[in-house]
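# Provide a 3D model corresponding to the input given below.
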Amino acid sequence: MNHSRPNESTGDVPLPIPHVVRVVRTIRVALPAGAKTLASQIERQLRDGAYNHYAVYEDELKRLWPLNDPDREAKIAHFAKSYGFRLRFYREGLCAIFDEQPSPKADVSPQVKRHRSAPKS
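So this is what the prediction gives:
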């Protein structure tokens, strides 16, 4: 039984349906094998050392993060955050300086201080 009126169509009419697709991608960064040892060293120096920061120089950094890694600074910062530290300063080829992660209220702008090298000619 056809219930449509004579001037109505019963066929399918394609209607554009707006839709939003949101792609969320989680990338897990695995910490290098020696990360726990380095974290223990940093923690010991921050606790018992004379200063409230600790510098890790290139010889130690390159054991865990190769110099040619394009995401090196981000991985070092992730390491710091994972162990409750903050990457306070980073300069490729020189060192990374860590300190204790401040409480959320005390740290309004947690930015890494970067020292830019002179442009290579």
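
# could I get the full set of strands for this structure?
In the chain, the strands defined using DSSP state E lie at 53-57, 85-91, 95-100, 113-114.

# nearest to Arg47, of the ones you listed?
For these, proximity to Arg47 was assessed by C-beta to C-beta; strand 95-100 is nearest, at 9.4 Å. All C-beta spots, glycine's among them, are computed from the backbone N, C-alpha and C.

# by mean pLDDT, which helix or strand of the protein comes out lowest?
Within the chain, no helix or strand scores below strand 113-114, which has a mean of 58 by mean pLDDT, DSSP states H and E.

# all helices for the protein, in order.
Ranges of helices within the chain are 35-48, 58-64, 72-82, based on DSSP state H.

# which parts of the shortest one are buried?
I take that to be helix 58-64. Leu61, Leu64 (16 or more other C-beta atoms under 10 Å).

# show me what that helix is packed against.
Under the contact definition 3 or more C-beta pairs under 8 Å, 6 or more residues apart in numbering; DSSP states H and E, helix 58-64 sits against helix 35-48, strand 95-100.

# remind me which residues of this protein are low pLDDT?
Residue ranges of the chain with pLDDT under 70: 1-29, 105-121.

# one more pass at 80, please.
The model of the chain has pLDDT under 80 over residues 1-32, 102-121.
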